[in-house]
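# Predicted model and sequence below, questions to follow.
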Amino acid sequence: MINMLQHALDGLLEGGLIALAAIGISIVYAVQRFANVAQAGLMSVGAYSAYLFAAVGVGLAISVVLGIAMTAAVAVLVYLFAFRALSRGPRVTLLIASIGADLILRNLISAFYGTDIRGYTLTLPKHIDLGGLQIDVLGVALFTASLLVMALIWLILTRTSVGRDMRAVADLPDLARLVGISQTRVHVYAWTMVGSTAAVAGIAIALKSSLTPDLGWHALLAAFAAAILGGLGNIRGAALGGLLMGVAMALSTIWLSPTYKPALAFAVMTVALLVRPYGLLGRSVRV
Amino acid sequence: MKNSARTRVGPKLGAFVAASALVLTGCGSATSGNGDKDADIAIGALVPLTGGGAEFGPRMERAIRIAVDEVNSAGGVNGSDLKLYVEDGQTEPDAAVRGAQKLINVNRVHALVGTWSSAVTLAVAPLAIQANVVQMNTSGANAITDLKDNNLVWRFQPPARLTGSAVANAAIRNNWKTAVAMARNDPSGTSTVESFKKDYEKLGGKVIKTITYAPNQSSYSTEVRDALAGGADFVFNSTYAPELAVMVKEAAASSSDVPWLAPGWAVNKAFIGAVGGSTADGTYAVDSAPNVEGQAYQTFQKNYQAKYDSDLDPSDTYVFSSYDMIVVLALAMTDCSCQSGPKLTDSIAKVTSPSGTEVTSFADGIKALKAGQDIDYQGASSNLDFDTNGDQVPSFGTYVVDSGKVTLKDSYQLK
C-alpha cells in the first residue's frame, strides 16, 4: 500500500511538469488550431536561457525570471516570423512549420552549447520521510511552482480582458475580428504565455535531470498525449491530463517493466479516447 | 545495369589512380634525392579534433607528436625520421574517409593511427587494408575484431563487449556481493548487463534485481527507488551520461548511500559538471586502465607536462594509447627494417609479445633489438599484449569520482 502511495506521489509530482507542457500545446491549439511541435524547442530554450544567466554567476532565482522572459520573447519571435504569415493557411502547413521551428531552435542551442549535458549549480535538498513515505522536496517545490503558473494562466484567461479576447478569438475568430479584436495582438499574448510556461517546464525538467538540447523533445510525447487526453485546446483538460498521465505512468512500474512507461502514456490516451472521443474535458461539436 | 556501369568505370578509375600514384612517387623520389639522409617515413594521424570525440582528439594529437619527437631524437627508424601528417576525422565517418584518402593517396603514409570512434574506424579500415597501410585505433565495437584485415588493424583499447565482465571483476575486488543491475533499453545497455550477470554470478556475486528502463526520461524516481529498495551492495547502471546524471541526483537526494557504478563512457567530465562535483563524488566507473606503475607511463606524463604544461588524468586512456601506437610502430619498423606488408605486422606482434625482454621506451627498445634480443614493449596505456585478432588483452581499472575528478582506484587484467 505504502509502495503504491509512493509511486502515485512520485507520479503526481512528475505529472505537474507534463501538465505545464501540455497547457502550452493546448493554448496554441485553442487560438491557432494546430499541434505545435516547437513546444519542445521552446522548453529547451527555456532551460538554456536560465542557464545562460546562471552560468555567468547570476543567482538562480533571477536567472529563472530572466530565462522565462527571454523564452517568451523567443516564442513571440517564432510566432511573428513563422506562424503569423501562415495562420490563414492549412493547419498542416503550420504543423510542418512548427517542426521546422523546433529543429532550428534545438540546433541553435547545440551550435552554442554543444550536445554534452550541463547542469545548474544547485545543492539538492534531501528527501523527507513522512511515515514511510519519501517526500521529494525539490519535486514538491517544482510541482507547487507549476500549479501556481497554471492558476495564473487560468486567472488571465477568465478574469482579464486579454483572456476574454483570447477566448473570443479561440471560439469565433471571424466574429472576434468583426468586433475589432486584433488577431495578431491576441496571438502575441498567447505565444507569450506559451513561451513562459514552456520555460518553466523546461527549467523544472533541467533542475530534476540535466540540460541537453533535446530535453524538450524527450518530454514532448507525454505532453502531447496529456493534451489530447484532456481534449486538445482545453486548458483545464491539459492540466488534468498531465497529472493523470504522470500518476498512471508511475503506477504502471509496479506491475510492468519501466521500459514500457512511455508506451503506457499512449495506451492510457487511447483507452480514454475510446470512452470519450473528445478528451476528458473536450466539447463534442454538433454539426 | 548499375553493375555493368561500374565495371566500365573500374578500369578507367584504376588507370587514373595508377597514373596519379606514378606522378606522386616520381615527386617523392625527386625530393628525397638530396642524399644526406634516408627518406622520411610518413605517418598519418586521423584524430577526432572536432565532433563527439573532441574531448580527447586534441590531446591524442599531442601524445602522438611527443612520441614522434621521441623516436626521431633517438635516431629515428634505422636512420629515417618519422614525418607526421595530421587530419581531423571530425568524429564523422565521411569526413574521416576524406581525411584518410588524403593521408594515404597524397601524403603516402605507412600507418593511419589515432582513430577513436568505432564508426570512423570501421569506415577507414577498408581504405587502409586496400592500401596495405597499418591502422591503429582506440575503438570498442566488436565488428572491428571480425574485420578481414590481413593483420593490419590493431586495437589499443579493450573491446566494449568485455565491459560487463570487467564490472563483475571490479565488484568482487571491492567485496560487493550483491548487485542491482540497471540497463538503459538499448543494445549496448542490455548486452553489457547480460554479460555482467553471467560473470558476476560465476565469481560468486548475486544480482538481486534487474531493471531495464526507457532512455531519455526527465525523471527516474520510481526506478531509482526500486533499485535502492533492494538493499544491494551496489547498483550497476549500464547507460550514458544523461540518464546516469538524473539517477545519481535522485539517489543523492534519498537517504541511501549505496554506491553507483557505470561504464567509463558515462562517468565523464560532462556528467560531473551537470550533476555538480559534490553530488557526483563517490560514483564509480569501470574503464580500461593505463599502466600507471610502468616506466613508459611515467616518462610520458613527465614529457607531456614539460611540453604542454598540463597534466593528464589516468582516465585519459585514449591519449596513452595514442602515444603507444607510434612507439610500437617505430619499434616494429626498426625490427623488420620495413615499412609495410606482412613483415611489419608480424613485427608489431613480435615487439609486444610477452616472450621478449621487457622495454619501456623506444630508445631502450632499439638498443635491445641491436643487441639481437627479442623485445616486449610495456606501454603507457597497458602492457600491450595483443591476441591473434589484433585486439588487446585488456587491463581495466576501477575509478571513483573524488572532489569532482575521476581518479583511478584499482587496476587489474581480465583473464
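That came in fine, so what should we check first? Numbering: from 1, shown residues only, chains lettered A, B, ... in the order given.
# is B:F386 in a bridge, and if so with what?
For B:F386, the beta-bridge partners are B:Q392 (DSSP bridges).
# how deep is residue 56 tucked in, by neighbour count?
No chain was given, so I picked chain A. 8 (other Cβ atoms under 10 Å in any protein chain shown). Bear in mind the C-beta positions are built from the backbone N, C-alpha and C, glycine included.
# wait, chain B
B:F56 has 23 nearby residues by other Cβ under 10 Å.
# Leaving out sequence neighbours, find the closest residue to it.
Among residues not flanking B:F56 along the chain, B:Y318 sits closest, at 4.7 Å (Cβ to Cβ, 6 or more residues apart in numbering or on different chains).
# What residues does the stretch 151-287 of chain A have near chain B?
Within the stretch 151-287 of chain A, the residues that sit near chain B (Cβ under 8 Å from any Cβ of the partner chain) are A:205, A:208-212, A:214-215, A:218-219, A:250, A:253, A:257-262.
# how about the strands of the chain, start to end?
Just going to use chain A. A:128-130, A:133-135 (DSSP state E).
# Not quite, go with chain B.
B:41-47, B:82-88, B:111-115, B:134-137, B:153-155, B:178-184, B:206-213, B:234-238, B:260-263, B:284-288, B:357-359, B:375-377, B:395-402, B:405-413.
# ranking the strands of chain A by burial, who's on top?
By mean neighbour count, with neighbours taken as mean count of other Cβ atoms under 10 Å in any protein chain shown, strand A:133-135 ranks first of those at a mean of 15.
# For the stretch 301-415 of chain B, which residues are neighbours of chain A?
Counting by Cβ under 8 Å from any Cβ, no residue of the stretch 301-415 of chain B is near chain A.
# which non-adjacent residue is nearest residue 87?
Unless you meant another one, I'm taking chain A. In space, A:S87 is closest to A:Q32, 6.0 Å off (Cβ to Cβ, 6+ apart).
# other chain: chain B
B:G99 (3.4 Å).
# circling back to that earlier point, the residue nearest to B:F56 - how many residues pack around it?
B:Y318, neighbours per other Cβ under 10 Å, totals 26.
# Look up how far chain A lies from it.
17 Å (Cβ to the nearest Cβ, to the nearest Å).
# any idea how far B:Q157 is from that residue?
As judged by Cβ to Cβ, to the nearest Å, B:Y318 and B:Q157 stand 7 Å apart.
# okay, and the common contacts of these two?
B:T138 (Cβ atoms under 8 Å, 6 or more residues apart in numbering or on different chains).
# For the chain, which residues score under the pLDDT cut-off?
Answering for chain A, as no chain was given. A:283-287 (pLDDT under 70).
# Switch to chain B, please.
B:1-38, B:415.
# Give me the distance between the residue nearest the centre of it and B:E250.
Nearest residue to the geometric centre of chain B (Cα atoms, centre = their mean): B:T138, 2.2 Å. As for B:T138, its distance to B:E250 is 33 Å (criterion: Cβ to Cβ).
# Likewise for B:A285?
19 Å.
# just B:S395 next, same as before
33 Å.
# likewise B:E293?
According to Cβ to Cβ, B:E293 stands 38 Å off from B:E250.
# Equivalent analysis for A:V200, please.
From A:V200 to B:E250 the distance is 21 Å (Cβ to Cβ).
# cool, B:T357 as well?
Distance from B:T357 to B:E250, by Cβ to Cβ: 53 Å.
# again, but for B:E55
Distance from B:E55 to B:E250, by Cβ to Cβ: 26 Å.
# out of B:E293 and B:E250, which sits in the more crowded spot?
B:E250 (27 against 9).
# Show the contacting residues for the residue nearest to that one when sequence neighbours are not counted.
Distance criterion Cβ to Cβ, 6+ apart; nearest residue to B:E250, sequence neighbours excluded, is B:V224 at 4.5 Å. Residues counted as contacts of B:V224 (Cβ under 8 Å, 6+ apart) are B:M247, B:E250, B:A251, B:S254.
# thinking again about what came up before, any idea which of the strands of chain B is most buried?
Comparing the strands of chain B by mean count of other Cβ under 10 Å gives strand B:111-115 as most buried, with a mean of 31.
# Report the inter-axis angle for it versus strand B:82-88.
Calculated by axes from the mean of the first three to the mean of the last three Cα atoms, to 10 degrees, strand B:111-115 forms an angle of 40 degrees with strand B:82-88.
# quick one: strand B:111-115 to strand B:41-47, angle?
20 degrees.
# the helices in chain A, which residues?
Ranges of helices within chain A are A:2-32, A:39-54, A:60-78, A:84-86, A:91-113, A:137-159, A:161-171, A:173-178, A:183-208, A:215-230, A:235-255, A:261-275, based on DSSP state H.
# Which one, of the ones you listed, ends up nearest to B:D346?
Nearest to B:D346, of all the helices of chain A, is helix A:91-113, at 46.2 Å by Cβ to Cβ.
# which residues are contacting the closest one?
Against helix A:91-113 from outside (Cβ under 8 Å, 6+ apart): A:32-42, A:44-45, A:48, A:51, A:74, A:78, A:82-83, A:86-87, A:211, A:213-214, A:216-217.
# tell me the contacts of B:V193?
With Cβ under 8 Å, 6+ apart, B:V193 has these contacts: B:G164, B:A181, B:M182, B:A183, B:T210, B:T212, B:F236, B:S238.
# now, the most widely separated pair of those?
B:G164 and B:T212 (14.6 Å).
# A:G16 is in contact with A:M245, correct?
No: the criterion here is Cβ atoms under 8 Å, and A:M245 misses it with A:G16 at 10.8 Å.
# how about the residues of the stretch 1-150 of chain A that lie near chain B?
So far as Cβ under 8 Å from any Cβ goes, the stretch 1-150 of chain A lies against chain B at A:6-7, A:10-11, A:13-14, A:17, A:115-119, A:121-127, A:129, A:134, A:136-139.
# Recalculate using a threshold of 7 Å.
A:6-7, A:10, A:14, A:116-119, A:121, A:124-127, A:134, A:136, A:138 (Cβ under 7 Å from any Cβ of the partner chain).
# quick one: which of those has the most company?
A:E14 (30 neighbours).
# Tell me how many other residues surround the closest residue to that residue other than its chain neighbours.
Leaving aside its chain neighbours, A:E14 sits nearest to A:G246 (4.2 Å; criterion: Cβ to Cβ, 6+ apart). Look at A:G246: counted by other Cβ under 10 Å, it has 26 neighbours.
# Equivalent analysis for the one 4 residues further on, please.
By other Cβ under 10 Å, 27 other residues sit near A:A250.
# Please tell me how far it sits from A:V31.
For A:A250 relative to A:V31 (Cβ to Cβ), the value is 32 Å.
# before we move on, the earlier item: spit out the contact partners of the residue nearest to B:E87.
Contact partners of B:G99, counting by Cβ atoms under 7 Å, 6 or more residues apart in numbering or on different chains, are B:L46, B:E87, B:D88, B:G89.
# okay but B:R108 is in contact with B:A42, surely?
Yes: contact criterion Cβ atoms under 7 Å: B:R108 and B:A42 qualify, at 5.5 Å.
# and B:I366, what is it in contact with?
B:A74, B:T334.
# Could you do A:E14 as well?
So A:E14 contacts A:G246, A:A250, B:S219 (Cβ under 7 Å, 6+ apart).
# Let's see that with 8 Å instead.
A:G139, A:G246, A:M249, A:A250, B:S218, B:S219, B:S221.
# Now A:G41. Nearest residue, chain neighbours left out?
Nearest one to A:G41, counting by Cβ to Cβ, 6+ apart, is A:L105 at 3.0 Å.
# Quick one: neighbours of that neighbour, just the number.
23.
# gap between it and A:V56?
22 Å.
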